[in-house]
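Asks: Coordinates for the following, if possible.
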Amino acid sequence: MAITQGHEVLCCDKNRRGGIKNIWLVESGDITGGAAAVTFGGTNGAINAFPTTEAYPFQFDRNTAGFNANATRENGSTLVNVELEFYIPKITQEVRNRLKEISESCGIHAIVESYADDCAATPATYFFVLGFDTIFADDAYLEFSSGDMQTGVGLQDANGTAVKLMGIQGEYPLELIVGTGGVTFTPGTLSTDAATIA
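Replies: All right, here's what the predicted structure looks like:
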């Protein structure tokens, strides 16, 4: 692949926001129509179709969620290690049940919405898919890496679980086009119900 253009940093880019706003988790087998139904071709080759009726929202403490993607190249091959972290407050049986499901999953794709926006007059935030790419497709899935559950010892200590999902991709995470030319999110009735992405 050749370099086709340079990159400009706009004033708006210098006033960016970090962190993740929302997370949806999809089990590897829950893409409607399988990996072949995911299409690329949005802006700069982004994902413009990721059909599922099983995108479960996972809420977390504010300012605790983020992902990183670190690439390494060896013997002519580039691999990207992707990590998604978030913190679920308060230890309960319900939290324990969700952690059990995540830890026993056979592969997870994560859709994350960042706080960064496109600098438009009516700004739109960016969505990314972790655990799916054009090289490995659904074999780039994320897996449960760790869940650090702690009650703390003092009354004002944190009480909750830090969750980490990890995976290896063949390229950096791709943007998911939401809205015109891309997918439509339809949330479930309750905040814990699955969203539909069509």
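Asks: what's the single longest strand in this structure?
Replies: Ranked by residue count under DSSP state E, the longest strand found in the chain is strand 77-89.
Asks: Can you list the low-confidence ranges for the chain?
Replies: 1, 14, 42-43 (pLDDT under 70).
Asks: could you pull out the helices for it?
Replies: For the chain, the helices defined by DSSP state H occupy 11-14, 93-103.
Asks: export these to TSV and tack on distance to Ile31 and mean neighbour count?
Replies: Any C-beta I mention is one placed from the backbone N, CA and C, and that applies to glycine too. Below are these laid out as TSV (distance: least, Cβ to Cβ, whole Å; neighbours: other Cβ atoms under 10 Å):
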stretch	distance to Ile31	mean neighbour count
helix 11-14	32	10
helix 93-103	18	14
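Asks: can I get these in a markdown table with distance to Ile168?
Replies: What follows is these, written out as a markdown table (distance: least, Cβ to Cβ, whole Å):
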| stretch | distance to Ile168 |
| --- | --- |
| helix 11-14 | 29 |
| helix 93-103 | 18 |
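Asks: How about Cys119, nearest residue that isn't a chain neighbour?
Replies: Cys12 (3.5 Å; Cβ to Cβ, 6 or more residues apart in numbering).
Asks: re the thing from before, tilt between the longest strand of the chain and helix 93-103?
Replies: 170 degrees (axes from the mean of the first three to the mean of the last three Cα atoms, to 10 degrees).
Asks: Was I right to think Gly45 contacts Leu174?
Replies: Yes. In this structure, Gly45 is within contact of Leu174 by Cβ atoms under 8 Å, at 7.3 Å.
Asks: Between those two, which is the more surrounded one?
Replies: With neighbours defined as other Cβ atoms under 10 Å, Gly45 and Leu174 compare such that Leu174 has more, 22 against 12.
Asks: Give the full set of residues in contact with the nearest residue to that one once chain neighbours are set aside.
Replies: In space, Leu174 comes closest to Ile47 once its chain neighbours are excluded; the distance is 5.1 Å by Cβ to Cβ, 6+ apart. Ile47 sits next to Val38, Thr39, Phe40, Val129, Phe132, Leu174, Glu175, Leu176, Ile177, Gly182 when contact means Cβ atoms under 8 Å, 6 or more residues apart in numbering.
Asks: Report the two of the residues you listed separated the most.
Replies: Farthest-apart pair in these is Phe132 and Gly182; separation 14.9 Å (Cβ to Cβ).
Asks: And these two? Which one has more around it.
Replies: Higher neighbour count among Phe132 and Gly182: Phe132, with 28 against 19, using other Cβ under 10 Å.
Asks: Any figure for the gap between Ser102 and Phe136?
Replies: Not quite, residue 102 is Ile, not Ser. Distance, Ile102 to Phe136, by Cβ to Cβ, to the nearest Å: 21 Å.
Asks: which residues in this protein form strands?
Replies: For the chain, applying DSSP E gives strands covering 20-27, 39-40, 47-49, 52-57, 66-74, 77-89, 108-117, 125-130, 143-150, 160-169, 174-175, 185-186, 195-197.
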